[in-house]
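**Student:** what follows is a predicted structure for the sequence shown.
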Amino acid sequence: MFDSSPTAVLFPGQGSQTPDMRALVAAVRPDLLEAAIELIGEDPFARVDESTRFAQPAILCASLASWTRVRGYVDPVALAGHSLGEFSALAAAGALLDHDALRLVVLRADHMAASGEASGGGTMLALLGASPARAAQLAETHGVSVANDNAPNLLFHNLSGKKFEEVALQMGVAFPESGAFISGMGADFRDIDNDGWPDIWHTAIEGESFPLF
């Protein structure tokens, strides 16, 4: 039975894996589990914590399995996703077939993993409970950059080696015209140039008044 309250569904991005998600996919969407194993060459769930190559397809499969289980009970007014979750949202909305979304994510994850390996490795982390000043201090100490602090946008200029200077305000890209906070990067999958073909765009904040989402 549908809930009469307006409902939006948000699909998670990388890092949202749980120990029981393989069992969910096997029970609800065994076709996706089989397809993922075939596309990747092995079971991504067994190595989900090792690489984005395995994590992204596994999380997509789990997200679509969860959607399959609940879609008869909700009638969402909006479907959205965080990063990887955008592919889940597009599939849930019917803009992509589930298996096409999986193929795209397997390709995306493979290229992202290969890029990281080619650049000598790297990782991401979430810093909770720290002030912006403390986050900036830690980033400078460890030679990394803050990609998204859920606050005014950041644009880092590489000074030399692993040191960065934050120059978003000087470059005029700390805020969009509305003054609302926006994140440091975005991705979109749609017909952006109106040529009748779907496009995949990835944007960073440099040179953008506001990124695509």
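**Tutor:** Yep, it's here. Residues are numbered from 1 along each chain as shown.

**Student:** does Glu42 sit in a helix, a strand or a coil?
**Tutor:** coil (DSSP: H, G, I helix; E, B strand; the rest coil).

**Student:** list the contacts for the nearest residue to Arg29 once chain neighbours are set aside?
**Tutor:** Of all residues not flanking Arg29 in the chain, Ala65 sits nearest, at 4.2 Å (CB to CB, 6 or more residues apart in numbering). (C-beta placed from N, C-alpha, C; glycine too.) Applying CB atoms under 8 Å, 6 or more residues apart in numbering, we find Ala65 in contact with Met21, Leu24, Val25, Ala27, Val28, Arg29, Leu32.

**Student:** weed out the non-buried ones from those residues.
**Tutor:** Among these, those buried by neighbour count (16 or more other CB atoms under 10 Å) are Met21, Leu24, Val25, Val28, Arg29, Leu32.

**Student:** hang on, the residue nearest to Arg29 in a helix?
**Tutor:** Yes - assessed by three-state DSSP, Ala65 belongs to a helix.

**Student:** distance of it from Pro132?
**Tutor:** 37 Å (CB to CB, to the nearest Å).

**Student:** helices or strands up against the helix or strand containing Leu79?
**Tutor:** In the assignment (DSSP states H and E), Leu79 maps to strand 78-81. Applying 3 or more CB pairs under 8 Å, 6 or more residues apart in numbering; DSSP states H and E, one finds that strand 78-81 contacts strand 8-11, helix 85-92.

**Student:** ok, and what's touching the first one?
**Tutor:** Strand 8-11 is contacted by residues 63, 67, 74, 76-82, 85-86, 88-89, 92 when judged by CB under 8 Å, 6+ apart.

**Student:** buried subset of the residues you listed?
**Tutor:** Ser63, Trp67, Pro76, Leu79, Ala80, Gly81, His82, Gly85, Glu86, Ser88, Ala89, Ala92.

**Student:** who's in contact with the second one?
**Tutor:** Trp67 makes contact with Val9, Phe11, Ser88, Ala91, Ala92, according to CB under 8 Å, 6+ apart.

**Student:** same check, this time on the third one
**Tutor:** Neighbouring residues of Pro76 by CB under 8 Å, 6+ apart: Thr7, Ala8, Val9.

**Student:** what sits against the residue lying closest to Leu33 once chain neighbours are set aside?
**Tutor:** Distances taken as CB to CB, 6+ apart place Val25 nearest to Leu33, at 4.9 Å, with adjacent residues excluded. For Val25, the contact set (CB under 8 Å, 6+ apart) comprises Leu32, Leu33, Phe45, Ala58, Cys61, Ala62, Ala65.

**Student:** what about 7 Å?
**Tutor:** The contact partners of Val25, taken as CB atoms under 7 Å, 6 or more residues apart in numbering, are Leu32, Leu33, Cys61, Ala62, Ala65.

**Student:** state the helix or strand in which the first one lies.
**Tutor:** Under the criterion of DSSP H and E, Leu32 resides in helix 30-40.

**Student:** counting contacts, what elements does that helix pack onto?
**Tutor:** Applying 3 or more CB pairs under 7 Å, 6 or more residues apart in numbering; DSSP states H and E, we find helix 30-40 packed against helix 21-28, helix 52-70, helix 98-118.

**Student:** would you format these as JSON lines with mean pLDDT and distance to Asn194 included?
**Tutor:** Output for the helices and strands packed on helix 30-40, formatted as JSON lines (pLDDT from 0 to 100; distance: least, CB to CB, whole Å):
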{"stretch": "helix 21-28", "mean pLDDT": "97", "distance to Asn194": "36"}
{"stretch": "helix 52-70", "mean pLDDT": "96", "distance to Asn194": "28"}
{"stretch": "helix 98-118", "mean pLDDT": "92", "distance to Asn194": "21"}
